[in-house]
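Student: The following comprises the amino acid sequence and a computationally predicted model.
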Amino acid sequence: MANLSYEKDQQAPGTANISVLNCIDLSSPDIQSSVSLLKQACLDSGFFYVINHGIDKKFMDEVFSQSKKFFSLPMEEKMKLLRNEKNRGYTPVFDEHLDPVNQIHGDYKEGYYIGIEVSEDDSDSQKPFYGPNMWPCADILPTWRETMEKYHQEALEVARKVSRLIALALELNFDYFDHPEMLGKPIATLRLLHYEDRTSDPDKGIFGAGAHSDFGLITLLATDDSIGLQICKDRDAKPQIWEYVPPLKGAFIVNLGDMLERWSNGIFRSTLHRVLGKGQERYSIAYFVEPNHDCIVECLPTCQSEKNPPKFPPIKCQDYMLQRYKDTHADLNSYK
Ligand code: OGA
Ligand code: NI
C-alpha cells in the first residue's frame, strides 16, 4: 500500500461549501463585460461557466448517450481499444493516478481519449500527440465516430472563442492564441469519462479523480447532473478547503491549465480540483486544449516587469505534455 500522508478532511459531510462561479455568455455583444467577468474568475479561482456557447443541447445529449453506450460494452470489447502510445483510446479504471500522495489506488474512472485525427501518411503523424484515433467498430457502435468527430470540432471552436476573451483579459491582441504556433494547429483532446458508482472517502485515499490541475491552456468540461467536482483555491492552506462546483445545465465548466498559469506568470490560476464519488455513476466529458506541439510556453510580455520577473522557465509544449502524461498514467507494459 502506498504511503499515505494526506491531510484529514476537516469538513463534516454535508457541510462542504458550494462555489459560486462567474458565468460568461459567449453570445453577449458586450465584450468588455465578458472580459471583465472572465478576468475576475481567472484571478480568483481559474474556474468559470460558459453559456450560449453554440453547441446544440440535443447534440450534447447525443454525445453523452454515445459515451454511455461505449462504456456499457463488455470489458473485452473495450480492452481491444486500449490506449496506445499516442494516448488515443480506452483507459480502464485506475489507469490514471492523479494524486499518488493522497490516493491509495488510481482514479475510479474509465475514459476514452480522442485527439486530432491525423492519418499515418501525413508527416505530422510523427508528432507525439498526433496520429489516427482508435474507433470502436461501426457494426457495434454506428455513428459513434461521426458524433465524436463533430463534437471535437465544435468544442475547438468554443475553446477558440474563450481564448480570445482570455487574450483580451491579458491585454494581448484578441487573436493572440489563434496563431499557428498556438491554437492554429493545437493539441486538443476529447476525453469521455465514466465514474464508477463508488463512494469516495478522502480519509482513506479513495477518489473518483485525485487532486490535480490540468496541463494546458484551458479545459472545457461538460458533466451530467450529478455533483462531484470540487476545487481548492489555495493549495497551500492547511487544512485545504474544498468547494463543490455544481453542474449548470447547458453550460461548460471551464478551467485554466498550468500552461496558462506559466504564460501569465502566475497571475491567472490553474486551480487544484478533484472528483468525489457519491455512490452513483457519473459521466463527464473533458476537452483539453493545448497549443502547437512546438510552442514555447514562456512568460507573456504583458505579465512581467522589472519588479515582477518571469517565475517559470520556458517549456516546449510537447515535452511538458509527455512528462505530465507519463507522471499520471499507468505504464502500458503493465497491461501485457
Ligand atoms: C479531468 C477532470 C473532472 C470531471 O479530467 O481533468 O478534472 O468532472 N475531470 O470529470
Ligand atoms: Ni482536471
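Tutor: Happy to help now that I have it. Quick caveat, the model's predicted, so the values are computed rather than measured. Ligands and ions are numbered 1, 2, ... in the order given.
Student: contacting residues for the residue in the stretch 151-300 of the chain that ligand 1 sits nearest to?
Tutor: Here the stretch 151-300 of the chain gets closest to ligand 1 at one residue, residue 284, 3.5 Å apart by C-beta to the nearest ligand atom. The way it works is simple: take the backbone N, C-alpha and C, and place the C-beta from them, glycine included. Residues touching residue 284, when contacts are defined by C-beta atoms under 8 Å, 6 or more residues apart in numbering, comprise 193, 195, 221-224, 229, 275.
Student: which stretches of the stretch 101-250 of the chain have low pLDDT?
Tutor: Counting by pLDDT under 70, the stretch 101-250 of the chain contains no low-confidence residues.
Student: Around ligand 1, which positions in it sit nearby?
Tutor: For the stretch 101-250 of the chain, the residues found near ligand 1 under the criterion C-beta under 6 Å from any ligand atom are 193, 209, 214, 221, 223, 229.
Student: what about the nearest residue to the third one once chain neighbours are set aside, neighbour count?
Tutor: Nearest in space to residue 214, with sequence neighbours left out and distances taken as C-beta to C-beta, 6 or more residues apart in numbering, is residue 257 at 4.0 Å. If you count neighbours by other C-beta atoms under 10 Å, residue 257 ends up with 22.
Student: Give the full set of residues in contact with residue 257.
Tutor: With C-beta under 8 Å, 6+ apart as the criterion, the residues that contact residue 257 are 213-219, 270, 288-290.
Student: likewise residue 252?
Tutor: Residue 252 makes contact with 49-50, 53, 158, 220-222, according to C-beta under 8 Å, 6+ apart.
Student: again, only using 6 Å
Tutor: Going by C-beta atoms under 6 Å, 6 or more residues apart in numbering, residue 252 touches 50, 220, 222.
Student: okay, those residues in a markdown table with secondary structure next?
Tutor: Below are those laid out as a markdown table (DSSP: H, G, I helix; E, B strand; the rest coil):
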| residue | secondary structure |
| --- | --- |
| 50 | strand |
| 220 | strand |
| 222 | strand |
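Student: Format those as CSV; extra columns: distance to residue 321 and neighbour count.
Tutor: Formatted as CSV, the entries for the contacts of residue 252 read as follows, by distance: C-beta to C-beta, whole Å; neighbours: other C-beta atoms under 10 Å:
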residue, distance to residue 321, neighbour count
50, 24, 24
220, 17, 23
222, 22, 22
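Student: Once you drop chain neighbours, what's closest to residue 258?
Tutor: Closest to residue 258 by C-beta to C-beta, 6+ apart is residue 270, at 4.7 Å.
Student: no, scratch that, I was asking about residue 163
Tutor: residue 177 (3.9 Å).
Student: ok, back up a step: please identify the pairing partners of the strand or helix carrying the residue of the stretch 151-300 of the chain closest to ligand 1 and their relative orientation?
Tutor: Under DSSP states H and E, the secondary-structure element containing residue 284 is strand 282-290. Strand 282-290 has its sheet partners listed here by DSSP bridges as strand 187-195 (antiparallel), strand 218-223 (antiparallel).
Student: For residue 303, which of the ones you listed is the nearest?
Tutor: Each of these has some distance to residue 303 by C-beta to C-beta; the shortest is strand 218-223, at 16.6 Å.
Student: show me where the stretch 151-300 of the chain has strands.
Tutor: In the stretch 151-300 of the chain, the segments counted as strands under DSSP state E, counting those that start in this stretch are 187-195, 209-212, 218-223, 229-232, 243-244, 252-256, 272-275, 282-290, 296-297.
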